[in-house]
Structure formats: structure tokens, C-alpha cells
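**Student:** Pasting the sequence and the predicted model now:
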Amino acid sequence: MVAIIVHGGAGTIRNEDRIPKVIVGVREAVLAGWRELKRGSALDAVEEAVKALEDNPLFNAGTGSVLTLDGRVEMDAAIMRGKTLEAGAVAGIWGVKNPISVARKVMERTDHVLLIGEGALKFARLLGFEEYDPVTEERLRQWEELRKKLLEKGETRHWKRLNELIKEYPELLRSTVGAVAFDGEEIVAGTSTGGVFLKVFGRVGDTPIIGGGTYANEVAGASCTGLGEVAIKLALAKSATDFVRLGMNAQAASDAAISLATKYFGRDTMGIIMVDSSGNVGFAKNTRHMSHAFMMEGMKEPEAGV
Ligand code: GLY
């Protein structure tokens, strides 16, 4: 029973015209992953699905990543294999096209789990990842607008009470991407993001934190999206897989994980996708939207929505 699910981020899509485009994006990504899954590898499926989302400038990962308070790109990504608990991640990397592929190399070519900043970039170059600028004109314009808007109001809540700030300025929370797949043998989870708009330089979210935003073991896999600090504090991706271990399926576990996030940190904070080892998919959110798409054994077309 094979299955794959992807997300294109939790939050509020203010411009409704974007919704059909976002749905096309997640559909294309799940199909890219599905092709690999049919060849037998959940690992390749997750990498390809996440790459498709990183390459789509609509999403906040790879090309189209959001900018830090001082106008730089600092991307995070992680990938994890459920069978062996091997994991690789990068945080605060720039100058590469596909952080998820660098994360995979960290997993495969080192005994480390997480490389950061300059070191992660040096490692990527050593392995042949070419120089690439992921900043888009649209993100630069949004960065200038948001900075002006927040500075005019004298906002300093980037440092404290970020979850309140995000309720007032939902455009700060942009679309992290992720994928979870089961190939009949193994569950793999992967996540990639530019983080939160105007984040403080050096800030690392949940995405590359194994157990926080990304986790897979032999019973389930999970990829989170939303306010990273929430997922880190709840070890949400790992907690969600624990719910499966205790007997829930992927959907019930996704619902339970999001209830936990809402209970502690309120609404408009989190989304999650999951796959369990019976080949069930699950997804849940406490935000207005979370673009997602999935394919399971027997389906001819992906099911997609926000
Ligand atoms: N969930 C992505 C982030 O907070 O960085």
C-alpha cells in the first residue's frame, strides 16, 4: 500500500486568485513524487516532490524563499528515513537551489545530522551544488512593503510574541513545503522552508529540527508547517508519530497533533501532513489554509485542496 502526501504551507492565502495556482503547484509536486514512488523509493519520491515545490516561486522554499529582517535568504531543510532513523538537515543555508538535496547529502555522506550556515554552504559546494540565487523580485517587493509597514508601526515583536504578530500580519507566515511517502517498505519525511518573513538573522525554525518539523520512523512520518517555534516546543512531528504508535491512524494522529498546538499556542499556528505504515495519509491545520495533495494506491488522480 504506497502513498504520498505533500503540503505547500499553512497560513492564510489572502489573495484568492493564488489558490488555483497553489493547487496546481501541489498537484505537480505530488505527481513528481508519485512517479518515483512507483519506481519503488519513498526517499526519491520525497526528494523529488520537495524539489518541485522548492523550484516553484509561489512557495516559501528554495526559489521564492522569504527574507530575513536584514534582507537575506536563510533556508532550512531536512529529510529522514523511517526504517533506519537516518536523517540529514541544513539550517540557515543560502546560495543553493535545492536545500532538500543538500540535506539528503548530509544524511548520506556524513554521520552528522545538521549542518548550518557557512559550513552547510561549504559542504554543498564540496559536493558540487552550484551557486544559485533563490531571491525573487516578488519576495523583494514583499520584504520592502512588510518592513515599511512594521517599522512605521514601531513593531518589535519579531523578538517576542511572534504568534500575536502573525495574527495581525498573516503575510509573515508563508508557505513552507513538505512531503511524506511510504513505498511499502519505508516511510520518509522531508520539509523545506525559507522560514518566517522578517525573521531575526540566524533564527532556525522547526523544519530542520528532527522531531520538531520533520520526523519518520517505522510506524509513521510527519512534516509540519506553520510557526516553527510552536512545533519545536511541542516536538510536534515526533509527537504525531507517537500518536500512531499508540494506535491512531495518520488522520487521527494529525488531528491530535494540531489540537495540541491549538491548546498550547492558539489557532493560526500550525499544519501537519502524515503517512502511516498502513499507507494511510493524514492532514490537519488550525490555520485558514494549508495547500496539500495526496496520492494513494488505486487513485488515478491526486486529491488536492487548501
Ligand atoms: N515552519 C517553518 C518555520 O517556522 O520556519
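**Tutor:** Received the coordinates, thanks. Predicted, not measured: the structure shown is a model, and the values here were computed from it.

**Student:** Run through the strands of the stretch 101-250 of the chain in chain order.
**Tutor:** Taking DSSP state E, counting those that start in this stretch to define them, one finds strands in the stretch 101-250 of the chain at 114-116, 177-182, 187-193, 214-216, 220-226.

**Student:** Show the contacting residues for residue 93.
**Tutor:** Applying Cβ atoms under 8 Å, 6 or more residues apart in numbering, one finds that residue 93 lies in contact with 74-77, 99, 102, 115-117, 120-121, 124. In short, each C-beta sits where N, CA and C put it, glycine included.

**Student:** can we see that at 10 Å?
**Tutor:** Contact analysis of residue 93 by Cβ atoms under 10 Å, 6 or more residues apart in numbering lists 73-77, 99, 102-103, 115-121, 123-124, 129, 134, 208.

**Student:** so of those, which ones are in helices?
**Tutor:** Among the contacts of residue 93, the members falling in helices (DSSP state H) are 99, 102-103, 117-121, 123-124.

**Student:** Residue 144 reaches residue 138, doesn't it?
**Tutor:** No: counting by Cβ atoms under 10 Å, residue 144 sits too far from residue 138 to count as a contact (11.0 Å).

**Student:** what's the distance between the residue nearest to residue 217 when sequence neighbours are not counted and residue 187?
**Tutor:** Spatial nearest neighbour of residue 217, chain neighbours left out: residue 82 (4.9 Å); criterion: Cβ to Cβ, 6 or more residues apart in numbering. Counting by Cβ to Cβ, to the nearest Å, the gap from residue 82 to residue 187 is 4 Å.

**Student:** hey, what's in contact with both of those two?
**Tutor:** With Cβ under 10 Å, 6+ apart, residue 82 and residue 187 have common neighbours 42, 180-181, 215-221, 241, 275, 277.

**Student:** now, among the residues you listed, which is nearest to the ligand?
**Tutor:** Closest to the ligand out of the shared contacts of residue 82 and residue 187 is residue 215 (13.7 Å), distances taken as Cβ to the nearest ligand atom.
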